[in-house]
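*Asks:* using only what follows, build the 3D model:
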Amino acid sequence: MSFTDLRGLIKVLRREGDLAVIEAQVDPYLELAEIHRRVIDEGGPALLFTNVKGSPFPVVTNLFGTVRRVDLAFGPRPEAFMKQAIGAMDRLLPPSPKALWGERNLIWDALKVGMKEVQANAAPILGAVRRERPLEGLPALTSWQLDGGPFVTLPLVYTEHPEHRGQHNLGMYRMQIFDHSTTGMHWQIHKGGGFHYHEAEKRNEALPVSVFLGGPPALIASAIAPVPEHLPELLLASLIIGGKLQVVQDPYGRHRIPAQAEFVLSGKVEPHARRPEGPFGDHYGYYSWTHDFPVFDVSHMWHRKDAIYPATIVGKPRQEDYYLGDFLQRLLSPAFPLAMPGVKELWTYAETGFHALAAAVVRESYSREALGTAFRILGEGQLTLTKYLMITDRPIDLGDFPQLMETVLERFRPETDLFVFDKTSHDTLDYTGGKLNHGSKAVMLGVGEPVRELPAAYDEGPIDEIADARPYCRGCLVVSGASYEGEPELAVRLLKRLRERGTAWPLVILADDASIAEAQTPFLWTVFTRFNPADDIYAETKLNRHHVGYDLPLVIDARMKPGYPDELVPREDVVKLVDERWHSYFKR
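*Replies:* Residues are numbered from 1 along each chain as shown. Now for the predicted structure:
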């Protein structure tokens, strides 16, 4: 099943009992977000809030908060088409009449991909327009109490290259609402919209911008997909839909806009204008700090006459981005070997905010081929921001992180297979490097046959200054002791004690709470969002011909450090309010 607009999905969810309609008045300031977080934690339904304080528009959230709803929203056809298309590459090169006939169904499906312009009277998005105070009454949410203000959480930001209008970008960038006609535009260093703005600034020109809210669910997926820079996201959306994307010319703007969208905000971003934006709770699970970002001046807003405002909540995993990210990785994974020869499988981990950790199964047909492939991965699109990359040549399920960790640790040779690169780029939301957009990276290889047996249970006795020790998987031990503020040198002393006793554990994680070892999500979130490789990996080292060789064990200090942003925790009075009102939200 494919949906050409948001309400088609909502209708099916309602019919199948996977949509809760909340008629009680709900405040978009903190209250709505707290309800959403509880429901998604329980694997609950999508939520339609019909009485949102201060707004005439209903709000829908949690549309993609389970595997089932993601599968329902997009269906099996996109993944099947992608696998078939990649498989056909070999059969169609060189092309022949017989080969073309054998792939006729694929070619027919490919001809359906594209955009179809419709007349204004066939475009529900042109049902109403507001040109004065266009953002007034828009039910933008405030999710966390320290947020700098309400922001648009599912904006599909459309831009075109200033010189080559055929090159477009559709991305999802946080938009803090400053007033009734102005928002921030959180273009990060790796974002396509930011590239277009950079080109416009060089010409000293304003960049026209259109922001879509709603429309086909495929638009949301394509906006966050980590596709190559010049692959048009609107064509990806069309591929997911299985038909042409209907668009209509904005009568007051420069762009064509989705005919089935719920809202479209149109305007421009002036060159060289910046304004403080933030702080905001983000998908890393912490507050991002206040920084200067470009400013979006909204000239007008189109919306359906009965528009529904789509929103989501960001925070500690797992949130909706986790389920959408997994779908997109499944969809795009067949193309990785085509784009990066030598890569068989690739996975980035939503539990870490995606950029903090990636892993790949690669080809190792000659010595050190895997290392060259690792460099290729780190040079590809958004993967350039990867902080920690783990590589193996064994055919494993990368989504099963304990299996990956064991596979790598069994084969990892510390003197040759760990590389740490300082003074590199970091994701804008990752503050472990101490400076915006700056940090370090590490590559860890584990290829070939095993070189060691890994311990499974900890039986080496007490460790001075360590209160708790728990295995996460074979070969990886999590320990906890004093905080970093209390004992910043604890990792150094821990390494010394482990070496003196000849520990069998090749990797030891020093955390604030060793109980994170009990499950994959808390382990990945805590460890990989709380360390910078160049600062926080401890080991005995030897320098030989400019190569740093390491000795086991490795200690990673994944404790919270001074200067890290605060972890997201809901405000107590809001928690109490939602406790008291819970049965009024869900009367049925």
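*Asks:* any idea how far the host helix or strand of residue 302 is from the middle of the chain?
*Replies:* Following DSSP states H and E, one finds residue 302 within strand 295-303. Mean-position distance between strand 295-303 and its chain equals 26 Å (Cα atoms, centre = their mean, to the nearest Å).
*Asks:* before we move on, what about stretch 142-155?
*Replies:* Centroid displacement of stretch 142-155 relative to its chain, using Cα atoms, centre = their mean, is 17 Å.
*Asks:* residue 577: neighbour count?
*Replies:* 15 (other Cβ atoms under 10 Å). Using the backbone N, CA and C atoms, a C-beta is placed for each residue, glycine as well.
*Asks:* contacting residues around the strand holding residue 302?
*Replies:* For strand 295-303, the surrounding residues in contact (Cβ atoms under 8 Å, 6 or more residues apart in numbering) are 57, 125-131, 134-135, 138, 175, 178, 181-185, 209, 211, 250, 252-253, 257, 261-270, 273-275.
*Asks:* now which of those would you call buried?
*Replies:* Buried residues within those, counting neighbours by 16 or more other Cβ atoms under 10 Å: 57, 125-126, 129-130, 134-135, 138, 175, 178, 181, 183-185, 209, 211, 250, 253, 257, 261-270.
*Asks:* which ones among those residues lie within strands?
*Replies:* Among the buried ones among the contacts of strand 295-303, the members found in strands (DSSP state E) are 129-130, 175, 178, 183-184, 209, 211, 257, 263-269.
*Asks:* residue 70 and residue 325 touch, don't they?
*Replies:* No - with contact defined as Cβ atoms under 8 Å, residue 70 does not count as touching residue 325 (9.8 Å).
*Asks:* residue contacts, residue 587?
*Replies:* When contacts are counted by Cβ under 8 Å, 6+ apart, residue 587 touches residue 23.
*Asks:* make it 10 Å
*Replies:* Contacts for residue 587 were tallied using Cβ atoms under 10 Å, 6 or more residues apart in numbering; they are 21, 22, 23, 24.
*Asks:* check residue 222 too.
*Replies:* Counting by Cβ under 10 Å, 6+ apart, residue 222 touches 156, 170-172, 216, 231-241, 245, 328, 331.
*Asks:* what about it, which SS state?
*Replies:* Under DSSP: H, G, I helix; E, B strand; the rest coil, residue 222 falls in the helix class.
*Asks:* report the separation between it and residue 554.
*Replies:* Note on residue 222: its distance to residue 554, by Cβ to Cβ, to the nearest Å, is 39 Å.
*Asks:* same deal with residue 263?
*Replies:* From residue 263 to residue 554 the distance is 50 Å (Cβ to Cβ).
*Asks:* same question, residue 200
*Replies:* With Cβ to Cβ as the criterion, residue 200 and residue 554 are 46 Å apart.
*Asks:* do the same with residue 362
*Replies:* From residue 362 to residue 554 the distance is 22 Å (Cβ to Cβ).
*Asks:* between these two, which is the more surrounded one?
*Replies:* residue 362 (26 against 23).
*Asks:* and the pLDDT for the nearest residue to the more buried one once chain neighbours are set aside?
*Replies:* Excluding its sequence neighbours, the residue lying closest to residue 362 (Cβ to Cβ, 6 or more residues apart in numbering) is residue 373, at 4.4 Å. Per-residue pLDDT puts residue 373 at 96.
*Asks:* so, low pLDDT: which residues of the stretch 151-300 of the chain?
*Replies:* Scanning the stretch 151-300 of the chain for pLDDT under 70 picks out 189-191, 228-230.
*Asks:* and with 90 instead?
*Replies:* The stretch 151-300 of the chain contains residues with pLDDT under 90 at 164-167, 188-195, 221-243, 283.
*Asks:* which residues of it fall in helices?
*Replies:* According to DSSP state H, counting those that start in this stretch, the stretch 151-300 of the chain carries its helices in the segments 192-202, 217-224, 233-241.
*Asks:* for these, which one ends up most surrounded?
*Replies:* The highest average neighbour count among those, using mean count of other Cβ atoms under 10 Å, belongs to helix 217-224 at a mean of 25.
*Asks:* okay, that helix in CSV with CA atoms only?
*Replies:* Extracted C-alpha coordinates of helix 217-224, given in CSV (Å, rounded to 0.1, in the frame of the first residue of the first chain):
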residue,chain,number,x,y,z
PRO,A,217,4.8,9.9,4.0
ALA,A,218,7.4,9.2,1.4
LEU,A,219,8.4,12.9,1.5
ILE,A,220,9.3,12.7,5.2
ALA,A,221,11.4,9.6,4.5
SER,A,222,13.2,11.0,1.5
ALA,A,223,14.0,14.3,3.4
ILE,A,224,16.0,12.4,6.1
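*Asks:* what angle do it and helix 233-241 make?
*Replies:* Relative orientation of helix 217-224 and helix 233-241, computed by axes from the mean of the first three to the mean of the last three Cα atoms, to 10 degrees: 140 degrees.
*Asks:* now residue 567. Nearest residue, chain neighbours left out?
*Replies:* Among residues not flanking residue 567 along the chain, residue 286 sits closest, at 5.7 Å (Cβ to Cβ, 6+ apart).
*Asks:* okay, and the residue nearest to residue 362 sits in which element?
*Replies:* Going by DSSP H and E, residue 373 is part of helix 369-378.
*Asks:* list the residues that contact residue 181.
*Replies:* If a contact means Cβ under 10 Å, 6+ apart, then residue 181 has 131-136, 265, 267, 296-301 as its contacts.
*Asks:* how about a cut-off of 7 Å?
*Replies:* 133, 134, 135, 297, 298 (Cβ atoms under 7 Å, 6 or more residues apart in numbering).
*Asks:* residue 232 now?
*Replies:* The neighbours of residue 232, taking Cβ under 7 Å, 6+ apart as the test, are residue 168.
*Asks:* same question for residue 226.
*Replies:* With Cβ under 7 Å, 6+ apart, residue 226 has these contacts: 381, 382.
*Asks:* from residue 380, how far off is it?
*Replies:* Residue 226 is 9 Å from residue 380, by Cβ to Cβ.
*Asks:* which regions of the stretch 351-500 of the chain sit below the pLDDT cut-off?
*Replies:* Ranges of the stretch 351-500 of the chain meeting pLDDT under 90: 353-355, 380-383, 425-430, 434-437.
*Asks:* so where do the helices sit in the stretch 301-450 of the chain?
*Replies:* Using DSSP H, counting those that start in this stretch, the helices of the stretch 301-450 of the chain run over residues 320-332, 336-339, 369-378, 401-411.
*Asks:* turn those helices into JSON lines, including distance to residue 430 and mean neighbour count.
*Replies:* Output for those, formatted as JSON lines (distance: least, Cβ to Cβ, whole Å; neighbours: other Cβ atoms under 10 Å):
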{"stretch": "helix 320-332", "distance to residue 430": "15", "mean neighbour count": "21"}
{"stretch": "helix 336-339", "distance to residue 430": "23", "mean neighbour count": "16"}
{"stretch": "helix 369-378", "distance to residue 430": "15", "mean neighbour count": "18"}
{"stretch": "helix 401-411", "distance to residue 430": "19", "mean neighbour count": "21"}
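*Asks:* of all these, which one is nearest residue 434?
*Replies:* helix 369-378 (20.8 Å; Cβ to Cβ).
*Asks:* now what about that closest one, what contacts it?
*Replies:* By Cβ under 7 Å, 6+ apart, helix 369-378 touches 340, 342-343, 360, 362-364, 383-384, 386, 389, 391, 393, 441, 443, 445, 447.
*Asks:* hmm, 10 Å instead?
*Replies:* By Cβ under 10 Å, 6+ apart, the residues outside helix 369-378 that reach it are 336, 339-344, 346, 358-364, 366, 368, 383-386, 389-393, 416-417, 419, 421, 424, 441, 443-448.
*Asks:* if any of these are buried, give me the ChimeraX selection for them.
*Replies:* Per 16+ other Cβ under 10 Å, the buried members of the contacts of helix 369-378 correspond to this ChimeraX selection:
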select :336,340,342,343,346,358,359,360,361,362,364,383,384,385,386,389,390,391,392,393,417,419,424,441,443,444,445,446,447,448
